[in-house]
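>>> take this sequence and fold it.
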Amino acid sequence: MDLFNPMPSALSESPTQVDGFAPPHLVLNDKMKGLRVLSTIQAELQKCESFRFYVAFANQAGVASLLQTLDDVRHAGVSGKVLVSQYLNFTSPQALRTLMYFDNIDLRIATQGSVHAKGFFFFRPHVHSYIVGSSNWTHSALSSNTELNLKIQTTPESPIAHEVKAEFDRQFAQSKQVDNDFIKTYEEEYHAYQQHMLQSQSSSTPSTTPTTLFPRQPILQDAPIDAPTQPYSVKQETAIRPNRMQKEALANLDLIRQQGKNKALIVSATGTGKTFLSAFDAKALGARKLLFVVHRENIARAALEAYRLIFGSSRTLGVYSGNAHETSADFIFSTVQTLSRPERIRVFDPDYFDYIIVDESHRTGAASYARFLDYFHTNFLLGMTATPERMDGADIFQHFDHNVAYEIRLQQALEEDMLCPFHYFGVTDLSVQGETVEDTADFTRLIAGERVERIIEKASFYGCDDGIVRGLVFCSRVDEANELSKGFNERGYRTVALSGSNNEYERETAIERLESDDPTQQLDYIFTVDIFNEGVDIPRVNQIIMLRPTQSAIIFVQQLGRGLRKIDRDKYLTVIDFIGNYQNNYLIPIALYGDRTFDKDQIRRLVVTGNQSIPGTSTVNFDRISKEKIFTSINSAKLHLKRDLRADFTDLTHRLGRMPMMMDF
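Next comes the predicted model:
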């Protein structure tokens with residue numbers, strides 16, 4: 001019996017069963033068909049009464065992929081045995097530490113020999129299922145790698161069933177029990193080995209490879225990331241080339257200019273390299289005087305450093321914001337607040353800049369942007385945003401003559417491996433004394449000690465990629481953020497609360513502390529209301545907690561994007577979303593999967609099929625009660641109201657710059 005899916009999956013990789021048994025068949029990762037090895041393992045876990053995993057390698061991201069399912073079956077009384085290997089010191093200590101949480105799992109590790117086993121075994125009273133092949137317990141092996149696994153089913157009395165059990169039991173008995181003492185010892189050996197491998201790679205890496213603010217991985221020459229908040233240390237001969245997305249966008253920008261147009265808009269998900277893209281285009285055009293406009297000074301300085309990587313010493317670069325008046329530079333990076341002041345903007349002649357770039361250009365509906373857009377006349381105007389749609393109905397596309405040069409949304413960016421993967425966990429909203437705490441509840445209940453303990457419990461259970469949490473917590477109210485931060489601090493955490501009342505220095509200090517490796521300075525969490533939805537770069541964020549109802553798919557994606565900056569191959573983002581009885585819960589799957597149909601059956605299918613419909617190695621998980629709340633919201637939602645149709649019509653009109661026809665929809 002399937003305990004967790006309220007309706008059958010529309011996507012199935014299993015062939016037709018005969019007498020309750022499926023014939024042997026391959027279990028593969030096939031993104032075109034929406035198939036994952038992970039989905040098959042999850043389905044078998046949900047049906048079995050016990051299980052055995054015997055894999056050479058397990059990493060934390062792989063364990064996180066199955067974390068919710070393992071927790072579900074634990075509550076259902078399912079027990080298991082897991083045997084991993086210390087071979088090549090690949091299995092991560094954090095993965096072992098996470099698995100130790102489960103009191104229903106007997107965890108052991110083979111410390112001797114070259115173990116290459118890859119098998120997942122599931123037992124029901126009358127059916128045993130075996131998945132054997134090439135897949136280790138890693139997120140890439142379960143979701144994206146080219147793998148070859150065979151699934152067979154047999155009776156418990158069959159010879160193969162006895163052989164599998166005997167071999168597993170023999171290997172299990174020879175292995176070492178995993179406990180805290182073992183992990184402590186192994187962790188030292190693991191990190192020493194990893195450091196040795198990094199040093200070996202560094203000694204064989206050409207001197208032209210740049211170093212970065214984040215020492216865990218050097219920036220690749222085709223890296224799809226934007227600049228960090230501090231300068232790189234770069235050798236003069238370093239060459240950074242456009243990635244595939246940037247090459248396509250650059251070609252489209254060139255085509256737009258060949259057509260005699262002088263404005264364009266780039267729609268690109270956070271973390272996909274918009275700033276570097278603009279620098280590549282400016283270099284291709286041979287820009288002499290360039291203006292880069294942002295809404296915060298720290299972003300201006302980060303963009304300046306990205307441009308320094310591309311242009312080196314061939315252009316002078318300066319900041320025009322606050323107390324910085326570096327107006328004689330060739331390329332000027334300025335805030336909109338500075339340019340909206342008449343005495344500041346008149347420092348420049350209206351024809352002074354031959355290239356102007358507007359970052360976060362979905363803000364151009366504001367009067368402050370209109371002032372400098374109306375003032376300057378430039379050879380080319382480029383807008384960049386991840387979310388051009390506006391909840392207030394403003395037409396952003398008109399500022400760029402409706403020329404969309406390139407568009408890559410979150411789902412495609414994940415598919416192209418341009419962002420770090422995320423593991424989303426939709427969990428039942430909090431309760432105090434047995435009653436659900438809603439966003440509209442009395443404030444004292446929103447910050448009750450029981451609620452704080454519940455948040456900490458879930459944050460600890462779902463964890464993060466490397467065991468060192470650097471988290472953002474999105475709250476609904478300023479007083480809630482302040483009190484929850486206080487509650488965390490009273491329990492030994494290091495947190496701060498930030499809101500619109502905090503100045504730029506306070507925000508930057510908090511971000512630096514969140515990313516710091518100094519244990520005396522490092523923060524565990526920043527609790528925030530609204531201010532970090534966009535326009536802030538915190539690459540090392542590895543956990544996001546959502547303590548507010550989803551009112552907008554756009555804001556949901558913006559907040560999710562705060563942690564998707566890809567800084568090394570091992571990073572993933574943990575997203576913990578506390579889901580209550582909110583009317584707009586149906587927006588969660590719409591945001592996660594990028595659904596634009598607003599068709600109820602399609603949205604239900606996305607929730608049910610889960611990881612089959614999410615790109616790359618990311619996963620989406622709902623616990624049983626939160627899934628029920630999602631379905632209740634979908635059932636009651638009115639998705640085709642007149643106002644929604646009018647909004648769709650208006651959005652397309654803005655995008656096209658004309659009255660749309662039916663074929664345009």
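
>>> can you list the weak-confidence ranges in the chain?
1-20, 202-238, 390-393, 430-447, 535, 640-647, 650, 652, 654, 664-665 (pLDDT under 70).

>>> tell me, which helix in it spans the most residues?
Secondary structure assigned by DSSP state H gives helix 180-203 as the longest helix of the chain.

>>> which parts of that one are buried?
182-183, 186-187, 190 (16 or more other Cβ atoms under 10 Å). Bear in mind the C-beta positions are built from the backbone N, C-alpha and C, glycine included.

>>> JSON lines for the residues you listed, including distance to Asp466?
Below are the buried residues of helix 180-203 laid out as JSON lines (distance: Cβ to Cβ, whole Å):
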{"residue": "Phe182", "distance to Asp466": "19"}
{"residue": "Ile183", "distance to Asp466": "14"}
{"residue": "Tyr186", "distance to Asp466": "15"}
{"residue": "Glu187", "distance to Asp466": "12"}
{"residue": "Tyr190", "distance to Asp466": "12"}
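
>>> now the helices for the stretch 1-150 of the chain?
37-47, 60-65, 67-75, 93-99, 139-143 (DSSP state H, counting those that start in this stretch).

>>> closest one to Leu523 among these?
Smallest distance to Leu523 across these (Cβ to Cβ): 20.2 Å, for helix 93-99.

>>> where exactly do the strands run in the stretch 301-450 of the chain?
Using DSSP state E, counting those that start in this stretch, the strands of the stretch 301-450 of the chain run over residues 317-321, 324-325, 331-335, 355-358, 380-385, 404-408, 422-428, 431-432, 435-436.

>>> which one of the buried residues of helix 180-203 sits closest to Gln522?
Glu187 (19.2 Å).

>>> and the residue nearest to the closest one when sequence neighbours are not counted, how close does it get to Ile105?
Of all residues not flanking Glu187 in the chain, Pro93 sits nearest, at 4.1 Å (Cβ to Cβ, 6 or more residues apart in numbering). From Pro93 over to Ile105 the distance is 16 Å, taken as Cβ to Cβ, to the nearest Å.

>>> so how far is stretch 331-343 off the chain centroid?
Chain-centre distance of stretch 331-343: 32 Å, with Cα atoms, centre = their mean, to the nearest Å.

>>> list the buried residues in that stretch.
Those would be 331-336, 338-340, for stretch 331-343 by 16+ other Cβ under 10 Å.

>>> repeat for stretch 657-665
For stretch 657-665, the neighbour count (16+ other Cβ under 10 Å) marks Pro660 as buried.

>>> for stretch 357-370, same thing?
357-365, 368-369.

>>> for stretch 81-90, same thing?
Going by neighbour count (16+ other Cβ under 10 Å), the buried part of stretch 81-90 is 81-87, 89-90.

>>> which among the strands of the stretch 301-450 of the chain is found nearest to Arg658?
strand 404-408 (13.9 Å).

>>> so what touches that closest one?
The contact list for strand 404-408, computed with Cβ atoms under 8 Å, 6 or more residues apart in numbering, reads 245, 248-249, 252-253, 256, 264-269, 272, 397, 416, 418, 655.

>>> distance-wise, check Met662 relative to Thr653.
13 Å.

>>> swap that for Leu309, sorry
Distance, Leu309 to Thr653, using Cβ to Cβ: 39 Å.

>>> reformat the helices of the stretch 1-150 of the chain as a markdown table; add distance to Ala239.
Written out in a markdown table, the entries for the helices of the stretch 1-150 of the chain read as follows (distance: least, Cβ to Cβ, whole Å):
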| stretch | distance to Ala239 |
| --- | --- |
| helix 37-47 | 38 |
| helix 60-65 | 31 |
| helix 67-75 | 41 |
| helix 93-99 | 35 |
| helix 139-143 | 29 |
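
>>> among these, which comes closest to Leu587?
Between the helices of the stretch 1-150 of the chain, helix 67-75 lies closest to Leu587; by Cβ to Cβ that is 20.5 Å.

>>> so what would you say the end-to-end distance of stretch 150-158 is?
18 Å (Cα to Cα, to the nearest Å).

>>> before we move on, what about stretch 45-58?
17 Å.

>>> can you lay out the helices of the stretch 1-150 of the chain as a markdown table showing mean neighbour count?
A markdown table is the format used below for those (neighbours: other Cβ atoms under 10 Å):
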| stretch | mean neighbour count |
| --- | --- |
| helix 37-47 | 23 |
| helix 60-65 | 26 |
| helix 67-75 | 20 |
| helix 93-99 | 21 |
| helix 139-143 | 25 |
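
>>> show me where the stretch 451-600 of the chain has helices.
Using DSSP H, counting those that start in this stretch, the helices of the stretch 451-600 of the chain run over residues 478-490, 504-515, 553-560, 587-593, 600-609.

>>> so of the ones you listed, which one's packed in deepest?
Among those, the stretch with the highest mean neighbour count (mean count of other Cβ atoms under 10 Å) is helix 587-593, at a mean of 24.

>>> looking at the helices of the stretch 1-150 of the chain, which is nearest to Gln201?
Among those, the nearest to Gln201 by Cβ to Cβ is helix 139-143 (19.2 Å).
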